[in-house]
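In: Build the 3D model from these lines:
(one chain, ligands or ions: 4)
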Amino acid sequence: MVLFLWLFAASVLCVCQCQELDFPPGFQFGVGSSSYQVEGGWNVSDKAESIWDRYILENPDGIRNRSTGKMACNSYRLWQRDIDMVAEMGLDFYRFSISWPRILPTGFSNRISEDGKNYYNNLINGLLEKGIQPVVTIYHWDLPQRLQNLGGWTNPLIADWFVDYARVLFTLYGDRVKTWHTINEPWIICDFGYVFLPPAISDYAVGRLLCNKHVLLAHAKAWRLYDTEFRPKYNGQIAIVNQLTWIEPAGQGDEDIAELAFQDTIGRYTYPIFSKEGGWPQRIQKIIAKKSKEEGYDFSRLPDFTQEEVELIRGTYDFFGMNHYTSRIVRKRRNDETIHTYILQGSRELEIVFETRPEWKNTSSVWFKEFPQGFRRILQWVKRSFGDIKIYVTENGYASDSSSLEDYNRISYLRSYLEQMLLAIKEDGINVLGYTVWTLMDNFEWIDGYHSKFGLYYVNFECPNRTRTPRLSAKYYASVAKSHSLNIPDQDKYIVDKSCCIFSIYTFIPRLFGNGLTTALNEAIILMHL
Ligand SMILES: *[C@@H]1O[C@H](CO)[C@@H](O)[C@H](O)[C@H]1NC(C)=O
Ligand SMILES: *[C@@H]1O[C@H](CO)[C@@H](O)[C@H](O)[C@H]1NC(C)=O
Ligand SMILES: *[C@@H]1O[C@H](CO)[C@@H](O)[C@H](O)[C@H]1NC(C)=O
Ligand SMILES: *[C@@H]1O[C@H](CO)[C@@H](O)[C@H](O)[C@H]1NC(C)=O
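Out: Ligands and ions are numbered 1, 2, ... in the order given. So this is what the prediction gives:
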């Protein structure tokens, strides 16, 4: 009987509910990249060395196939082509990052590189000429090596060095750049930079948590600088960008550690900024203080904030910047089980292990499984945790080890993730204002070298001029942006697209029967459709 009702409802709804697939007016579409991953030009003019340049020189085997970012996509020379690609897709904005050692060769603001300054001026002006908004990340992992030699993110003075750097950028480009991202994925910078990613300093216990505090202070001081000195003139917006992985209980009884896992992964980088009371997530603070004591430390390894610092950091946002790729399930560590340090394997601090469900689709990156529903759920978590704030999805995209231009898997990923985001907007009232595909073109995927390709454009790395060619996904995404809807012309779909029906059923059946009853039914329906 239920099935019959559903079949009837579905056939009616599939025809008449497609307007549900429209994005809200003003919703923006863009694409992202980062300096070290695309620019190359690692030793041109007066550019100084970054921690990635140094790591690659000293640990060539630390990168898959001994690849380097010395040339990467050569965007240092080919930036005009990059602008053309964003324009070809008809997108609203291009998110890129500025290389700190390219613009400030000493690491400090005593000397600005003419060459670096001109490079970003050209890029920004070229985008604006084509009607594309530049969205600029101030720090996307390429710290000047000189500052690393002085302690990097474990030295509290870095907050002021970062602010000096940010002031240079606001002064040079603030008249034209209206959206700034202070720091990209501080969780990766600290929790993995003090384990195995450059600077690859092995100090999980203390270095990681000093870094945690100082990235927050650096972000907050830069935000306040913009707020007081530059916003009155330029009226832009600025926020930090975090990577959020959806984490759900592995089984019954794991609910509490799932919430704890959020506090340890996302919470240490978001509560101090976005929570009403500010400061560290309290349960994590207590756990680390207790463990530190047991381990014989005279202080908590998670450094305290003074009340002044709590107030300095609290509320320093204009929106919530969210990178999202994947999901995990979480359970307690079993006796004698090692928690690996690779990305998203668990938390050694909390002795919890992350896993994935076998039915989640693989991508070419070991840390990355496909689970679109996790996207909606993590958006709901942000609203639950921090209220009804503006959200920009600053990264979302798909990794493949194939160079093929016919990237149906990527289109399928984008469609299903966009659909979940649309459900979050329309059904859960979550205030998502923009979406960014990671990434414009295949590029240097950090320690994975050129193995994992995330690009809407294929780049021929065998060819000295790094020819870029659009994949089908670039055409698909262009069509979504143009239609301002997931309901796009049939010739642009490239895959079997039942999103109209799935969307209708997702939204309609819960209205009829209530949410509880229909969860299982929905899952069954999705399976039938896919
Ligand atoms: C820059 O690096 C390249 C290798 O990537 C090398 O061939 C070239 O000589 C270097 N240029 C300078 C000025 O050091
Ligand atoms: C490894 O790098 C070399 C160039 O250094 C390239 O020719 C080769 O195709 C790469 N191998 C793989 C498996 O990517
Ligand atoms: C993903 O890859 C693993 C290991 O290769 C395999 O066991 C698993 O079946 C794959 N999962 C799916 C859903 O294809
Ligand atoms: C790229 O390089 C190839 C061969 O090296 C050449 O034939 C082609 O004209 C170049 N394309 C551009 C846009 O420079």
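In: Only C-alpha atoms from now on, for both contacts and neighbour counts.
Out: OK.
In: mind showing which ranges of the stretch 401-530 of the chain have poor pLDDT?
Out: For the stretch 401-530 of the chain, applying pLDDT under 70 flags the ranges 502, 504-530.
In: in it, which spans are helices?
Out: Under the criterion DSSP state H, counting those that start in this stretch, the stretch 401-530 of the chain carries helices at the ranges 408-426, 472-483, 499-513, 515-529.
In: Against which helices or strands is the shortest one packed?
Out: By that I understand helix 472-483. Using 3 or more Cα pairs under 8 Å, 6 or more residues apart in numbering; DSSP states H and E as the contact test, the elements touching helix 472-483 are helix 408-426.
In: what about the closest residue to Gly236 other than its chain neighbours, neighbour count?
Out: With Cα to Cα, 6 or more residues apart in numbering as the measure, Lys178 is the residue that lies nearest to Gly236, at 4.2 Å, once sequence neighbours are left out. If you count neighbours by other Cα atoms under 10 Å, Lys178 ends up with 18.
In: going forward can the numbers begin at 22, since that is how I track them
Out: Let's use 22 as the start, then, which means that last one is Lys199.
In: Lys199 against Lys254, yeah?
Out: No - under the contact definition of Cα atoms under 8 Å, Lys199 does not touch Lys254, with a separation of 11.0 Å.
In: What are the contacting residues of stretch 70-83?
Out: Applying Cα atoms under 8 Å, 6 or more residues apart in numbering, the contact partners of stretch 70-83 are 57, 63-64, 84, 87-91, 122, 163-167, 169, 219-220, 468.
In: Pro253: which element?
Out: helix 252-255 (DSSP states H and E).
In: now do His202
Out: Secondary structure from DSSP H and E places His202 in strand 200-205.
In: what do you get for Trp73?
Out: Using DSSP H and E, the element containing Trp73 is helix 72-79.
In: what's the span of stretch 460-474 from first residue to last?
Out: Between the opening and closing residues of stretch 460-474 lies a distance of 9 Å (Cα to Cα, to the nearest Å).
In: Could you tell me how far that stretch lies from the centre of the chain?
Out: Distance of stretch 460-474 from its chain centroid, counting by Cα atoms, centre = their mean, to the nearest Å, is 15 Å.
In: Ok, stretch 342-354 next?
Out: Taking the mean of its C-alpha atoms, stretch 342-354 sits 13 Å from the chain's own mean (Cα atoms, centre = their mean).
In: Could you do stretch 139-149 as well?
Out: Here the centre of stretch 139-149 is set off from its chain's centre by 23 Å, with Cα atoms, centre = their mean.
In: How much space separates the spatially closest residue to Ser424 that is not a sequence neighbour from ligand 3?
Out: The shortest distance from Ser424 to any non-neighbouring residue, by Cα to Cα, 6+ apart, is to Tyr479 (6.6 Å). Summarising the geometry, the distance separating Tyr479 from ligand 3, computed by Cα to the nearest ligand atom, to the nearest Å, is 24 Å.
In: Go ahead and confirm Tyr479 touches Pro491.
Out: Yes - using Cα under 8 Å, Tyr479 makes contact with Pro491 at a distance of 6.1 Å.
In: Of the contacts of stretch 70-83, grab the buried ones for PyMOL.
Out: With 16 or more other Cα atoms under 10 Å as the burial test, the buried ones among the contacts of stretch 70-83 are selected in PyMOL as follows:
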select buried, resi 57+63+84+88+89+90+91+122+163+164+165+166+167+169+219+220+468
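In: Among the contacts of stretch 70-83, which ones are in helices?
Out: Taking DSSP state H as the definition of helices, the contacts of stretch 70-83 contribute 57, 122, 166-167, 169.
In: give the contact list for the closest residue to ligand 3 within the stretch 122-271 of the chain.
Out: With Cα to the nearest ligand atom, the shortest gap between the stretch 122-271 of the chain and ligand 3 falls at Ala271, namely 17.2 Å. For Ala271, the contacting residues are 350-352, taking Cα under 8 Å, 6+ apart as the criterion.
In: swap in Asn486?
Out: Per Cα under 8 Å, 6+ apart, neighbours of Asn486: Asn95.
In: Now for Pro237, which secondary structure element holds it?
Out: Careful, residue 237 is Leu and not Pro. Secondary structure assigned from DSSP H and E places Leu237 in helix 228-246.
In: ok, and what's touching that helix?
Out: By Cα under 8 Å, 6+ apart, the list of residues contacting helix 228-246 reads 174-177, 179-181, 183-184, 187-188, 203-204, 207-208, 211-215, 259-261, 289-290, 293-294, 322-324, 330, 333-334, 337-338.
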